[in-house]
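1. Sequence and predicted structure are below.
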Amino acid sequence: MASNSSLQKPPDTRIHTTPGAFPSSPAQGVSPTVVSSQLSLSQAVRERKAEYTTSKRVKIKVGTWNVASLSGTEKDIGGWFVAGKGVLDSLTGLSLGGDERVDESTQKTEATVESVEEQEARRSKKKPTVPKNDPGLTPSGEEIGIYVLGLQEIVDISSVTEALRPYNDPHPAKKWKRSIAEGLPPGYQLIAEQQLIGLYLVIYASSAITPTISSVSTTSVGTGLGGYMGNKGAVTARIVLGETTRMVFVNCHLTAGVEKGSLERRNWDASQILSRTKFDPVYAGGGVMEEFGEGIGEEDFGFWFGDLNYRLDDIPGEDVRRLLMLHTRNEYGKAQPSKSKLEHELANDESPTFHHNLEAASQPSGDDSSSTYTAVDSLSGHYAASSTTLQSQEEYDPNSDPTSLQTTLSSLLTHDQLHAQMRTRKAFHDGWREGPIDFLPTYKYDVGSVGMFDSSEKRRGPSWCDRILYRTRKDKQDYEEKVRQEELAKKKDNEMKLQGVVEAATDEAVLFDYDPDNDGADDQYDGPAAKAEVVVTKAGFEDKLHLEYYKSHQRVLSSDHKPLDAVFILDYDAVDSDRKAKIHQEVARELDKAENESRPVVAVVVDHPRDIDATHTDPGPKYEGVDFGHVKYDHVKTRNITIANTGRVTATIGFVDRSAEPGQPHGVAPPWLSIRFDHASDNSNSNPGAVQVYTLQPGDAVNVEFTLLITDLELVRRLSEGEASLEDVLILRIHNGRDYFLPIRGTWLQSAFGRSIEKLVRIPEGGVRKLQHQRPAGSSHNSHHHHHRDHDDKENDSVKWSAPRELFRLTEAIESLTERSMAEWGMKGEAGEPPWQEDAAWPFSGFVSEIKERSVLSERVREGLDTNQPFTELFPLESGSIQRLEAVSETLVQFLKSLEDGVITEELWADLEKGMVEREKAKKPCSTEDERMLILDALSTAPAHSVSFTFITFMLSHVANEIAPVQQQLQRRGTATSFDDMEAVQQSKDDPARLRRGKVNEAYSTIFADAMVRFPTTLTGKARKATEVRRRHIIEVFLKSSLGDSL
């Protein structure tokens, strides 16, 4: 289970990552040049850090408490954590240097502090349990700049319902936050909070410190049930203080239990917290965000605290319990109920084992984890009877008195699991350390008692379960260097052994012997340095950290754990934001000046021709990009720009892949746009797919021509339906300079091409351009326009024509122009063979007109179709009938091929082919007339398609009769009845005119079968060839002359 929250992050510059996961890759789409420039700026500003930083000192109080999900514990939080109350100096190493403690604000002495007996007697869940009139012995109140509190078990994690809860219940955390806020001095503000089931971490800072805290990030890692649930784990926060110092706070609750498996699981929990904790990237200021989020170990100062649950090894818990109660009973007056209970516990079932272990407790534990204690015949005179009373710690030097509490604690700490794991490098060994422990174990007490260790049936052994560890960046670096040196020594040792030195381990002057199980055993992490060392932070500043206090609050009675806190003094450099901003501006100006003088700079000038069809009349600022104006189907439009090197250095330029929308083609330019420079590129001989670059010397310029052409029918359909637009942005990359973004746009003019017959028969009179300004169906609009659009849509949805009007106009024009072309040829007496004699497919192929001339005329034909203008008004006067006929014929074939579903759709063709296959199998050929009727009958289910088919075949038959006529030689159809008749039939088949007509029919059928009939593209091989023959046949049937089937 993991969660994350982030506070005080610049919303426009943050890089989104997933805390608790592996570091993310650099942000997509970030220009390396821009990042480099920003980092260079930050680096230059940092070099002048002495000018905008000031030395600061802040006290940080870190507290931890397992509240055991007991009600009333929140009443004590302000007393012990904020006010520093509840410390029992007689059971700690804390000393104020005199016999009296005086609170300067109240002038009350220690004599007025509530006694232990009175405190225990009045304990209530509804009131604080800290002693009355306690002035507080540790730094408190406004003296502390940052309060960091970690709580465990704010809910009952032993409950299956709570342990498996998939979300955090916020109500307990709100209760605690309210209690903490009430206990703090005025002006303290919440910096961060994070909850994971029963774990709760909260950070407050004074009004002076709060503005200097940034890059706050919190996260949680569950290591409980299944290794991920939140009944165990950690909640963590990262803050940056003064823009210079990174601090991490880890509040954890590790696996409980005294078994060896529990110890190993605690170590595993810690390793999981380390590996899975990830914070958001640090905001470095100036719009710069670090590329990756950090984990634990990358901070300048780390604080790890909570219920770590490490116990005492190799010593019976009951012996430890009884031994420590010999000290705590001194805090009770005679004849008090608590004192009597404690004395009873000490007198009950005392055994020689207890006495022997009192002596053994003062001896360090051996490395053998399986060693045990046994009874001995003699025992220490100091502990000879249960009635023995240890002298108060105040009466002797605790370091020299064998019966003092400090001596007892020192002997017990040699059995502490945490210190053992640190020494053997199994957990918390990489630089973590702890202040001196001069206070009683924090667990486990009877609730409501100052000094009664667990008197329940379980009688759990006392342990220092609750700990506060800390580490500086230097601590971690020192450890890593030590490991590196050890690895080098071990490597050198092995190398020398391989060279034949038999007794390598005995030659200490030459060889290096390394034992990972024993080396480092003497490392001590449980005491702060006598003098705070300088720590160089990640940002390059010099800080110092000193542990001032590390104490438990023995007189807090509301939980079975005693709360624990530590006060640290941090000396750090803080950024003066105003001064840094001023220096940032100065550095930016200097860098800009230097960069402008050294980087390439180009100017882009866009040519804005005044096209006769450019009708962008929308008011507003002048369009700075390339505007193609009105764009038509299959119509070439060009625009030009000039790129000039206006800088002082050579400029290398080229268009690079743009950022395309999802589903759109990538590349330098969209498919409908081509780019051509007026001279060869630097890498013109390289891979054609490579980005072409061009070098311009200072003062040089290059012309770039953009050509727009729309021929892709799918794009035509999407443009006509309003699903696509002719807008894009090209990226001109200037090497080592800034990118130039060049907008491209055009306005699509509606076209009849690319539509279906069903759509074309609904186009109103006036042509498809009449739909130009109508909104696509389904577009939103205001109610007034919506009403009119609905009315228009209903009008447009009705069928206006029996077949597309464009088809009627094209076929009619071809018939007329064919007759006129043939007449003109005869009247002008042109030399050579006429074009219809040269190519059987003419006028639909085998063109005699020039491509350029025909292209201009074809464009006029398409314009006439889309605007409903007469072709004769659009054709140039100098164009002849043959040129016009070829342009119209070519346009017809192009139009038919562009139809979305063809004249004969796949469904219609399936029915037609099915009938043809059945007749082929039955071997019952039909007459031409019968076959025509069968075809028309099959097409009758789609009236518009049937009429369109009739228009086309009638026109083809008419043209074929004009250019390849056949004279009537037989008066009737049927079988010859005489030898002369049979000879006439044979002669008619061999007639050149009839043979030529057959070639014309075949050529026309081939062209128009491909343009008109749609069939599945999945067909291959013989099946495809047979289908192609059949679809040519249904066209050819309608081209045969009335002389019979012989054609």
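-> Here it is on my side, so go on. The shown structure was predicted, so the numbers you read here are calculated from the model rather than taken from an experiment. Numbering: from 1, shown residues only.
2. so how far is P186 from S206?
-> To P186, S206 is 10 Å away according to Cβ to Cβ, to the nearest Å. Using the backbone N, CA and C atoms, a C-beta is placed for each residue, glycine as well.
3. S410 too?
-> For S410, the distance to P186 - Cβ to Cβ - is 43 Å.
4. try V716
-> Distance of V716 to P186, given as Cβ to Cβ: 72 Å.
5. Name the residue in the two with the higher neighbour count.
-> Remark: of V716 and P186, V716 carries more neighbours, 22 against 7, as counted by other Cβ atoms under 10 Å.
6. Helix or strand for the more buried one, just tell me which one.
-> Using DSSP states H and E, V716 sits within helix 713-720.
7. what lines up beside the helix or strand just after that helix in the sheet?
-> Sequence-wise, the next helix or strand beyond helix 713-720 is strand 726-734, with elements assigned using DSSP H and E. Note on strand 726-734: by DSSP bridges, its sheet partners are strand 651-656 (antiparallel), strand 740-748 (antiparallel).
8. just the ones you listed: most buried one?
-> Using mean count of other Cβ atoms under 10 Å, the stretch among the strands paired with strand 726-734 with the largest mean neighbour count is strand 651-656, at a mean of 20.
9. Please work out the average pLDDT along stretch 940-952.
-> Summarised as a single mean, pLDDT over stretch 940-952 is 92.
10. hmm, back to that, tabulate the strands paired with strand 726-734 (a markdown table), appending mean pLDDT and distance to L324.
-> Shown next, in a markdown table, are the strands paired with strand 726-734 (pLDDT from 0 to 100; distance: least, Cβ to Cβ, whole Å):
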| stretch | mean pLDDT | distance to L324 |
| --- | --- | --- |
| strand 651-656 | 92 | 74 |
| strand 740-748 | 93 | 75 |
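11. Could you check stretch 249-262 and say which residues are buried?
-> F249, V250, N251, C252, H253, L254, T255, S262 (16 or more other Cβ atoms under 10 Å).
12. Just the endpoints, please. Distance across that stretch?
-> This stretch, stretch 249-262, spans 24 Å end to end (Cα to Cα, to the nearest Å).
13. Just checking the distance from that stretch to the centre of its chain.
-> For stretch 249-262, the separation from the chain centroid amounts to 34 Å (computed by Cα atoms, centre = their mean, to the nearest Å).
14. Begin at 780, not 1, for the rest of this chat.
-> Right, with 780 as the first residue, what we last looked at is stretch 1028-1041.
15. about what we covered before: and the strands paired with strand 1505-1513 as CSV, adding distance to R1639?
-> Shown next, in CSV, are the strands paired with strand 1505-1513 (distance: least, Cβ to Cβ, whole Å):
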stretch, distance to R1639
strand 1430-1435, 34
strand 1519-1527, 19
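16. wait, which of these is closest to S1050?
-> strand 1430-1435 (45.5 Å; Cβ to Cβ).
17. Tell me the helices and strands packed up against the strand or helix carrying V1481.
-> Using DSSP H and E, the element containing V1481 is strand 1480-1487. Other helices and strands packing on strand 1480-1487, by 3 or more Cβ pairs under 8 Å, 6 or more residues apart in numbering; DSSP states H and E, are strand 1405-1410, strand 1416-1424, strand 1452-1456.
18. Partner strands of that strand, with direction?
-> When pairing is defined by DSSP bridges, strand 1480-1487 lines up against strand 1416-1424 (antiparallel), strand 1452-1456 (antiparallel).
19. Between those, which one is closest to I936.
-> The minimum distance between I936 and these falls on strand 1452-1456, with 64.0 Å, by Cβ to Cβ.
20. quick one: which of the helices and strands packed on strand 1480-1487 is nearest K1057?
-> It is, among these and with distance given as Cβ to Cβ, strand 1452-1456, at 43.9 Å.
21. Pull up the pairing partners for the next helix or strand after the closest one, direction included.
-> Once strand 1452-1456 ends, the next helix or strand along the chain (criterion: DSSP H and E) is strand 1473-1475. According to DSSP bridges, strand 1473-1475 forms sheet pairs with strand 1430-1435 (antiparallel).
22. so of the buried residues of stretch 1028-1041, which ones are in helices?
-> Under the assignment DSSP state H, the buried residues of stretch 1028-1041 contribute S1041 to helices.
23. what stretches of the stretch 1080-1229 of the chain score poorly on pLDDT?
-> The model of the stretch 1080-1229 of the chain has pLDDT under 70 over residues 1112-1119, 1127-1180.
24. now the strands for it?
-> Using DSSP state E, counting those that start in this stretch, the strands assigned to the stretch 1080-1229 of the chain run over residues 1080-1086, 1212-1213.
25. highest average neighbour count across these?
-> The highest average neighbour count among these, using mean count of other Cβ under 10 Å, belongs to strand 1080-1086 at a mean of 25.
26. Show residues contacting that one.
-> With contact meaning Cβ atoms under 8 Å, 6 or more residues apart in numbering, strand 1080-1086 is reached by 841-843, 845, 927, 929, 931-932, 978, 1013, 1024-1033, 1075, 1207, 1211, 1244-1252, 1314, 1322, 1324, 1340, 1343, 1345, 1347, 1349.
27. quick revisit: looking at the helices and strands packed on strand 1480-1487, which is closest to E1710?
-> Per Cβ to Cβ, nearest to E1710 of the helices and strands packed on strand 1480-1487: strand 1405-1410, 45.1 Å.
28. Only the buried residues of that closest one, if you could.
-> For strand 1405-1410, the neighbour count (16+ other Cβ under 10 Å) marks V1405, D1406, F1407, G1408, H1409, V1410 as buried.
29. Identify the farthest-apart pair in the residues you listed.
-> In the buried residues of strand 1405-1410, two members sit farther apart than any others by Cβ to Cβ. They are V1405 and H1409, at 14.3 Å.
30. Could you measure from the residue lying closest to R1252 once chain neighbours are set aside over to L1324?
-> Nearest in space to R1252, with sequence neighbours left out and distances taken as Cβ to Cβ, 6 or more residues apart in numbering, is D1079 at 4.9 Å. D1079 sits 9 Å away from L1324, going by Cβ to Cβ.
31. What is the helix or strand hosting S993 packed up against?
-> Assigned by DSSP H and E, S993 falls within strand 992-1001. Counting contacts by 3+ Cβ pairs under 8 Å, 6+ apart, strand 992-1001 is packed against strand 781-786, strand 968-975, strand 978-984, strand 1012-1020, helix 1039-1055.
32. buried ones in the host helix or strand of L1691?
-> Remark: L1691 resides in helix 1685-1701, with elements defined by DSSP H and E. Taking 16+ other Cβ under 10 Å as the neighbour-count basis, helix 1685-1701 is seen to contain the buried residues L1687, W1688, L1691, E1692, M1695.
33. cool, and stretch 1051-1061?
-> Quick answer for stretch 1051-1061 (16+ other Cβ under 10 Å): Q1051, I1052, L1053, R1055, T1056, K1057, F1058, D1059, P1060, V1061.
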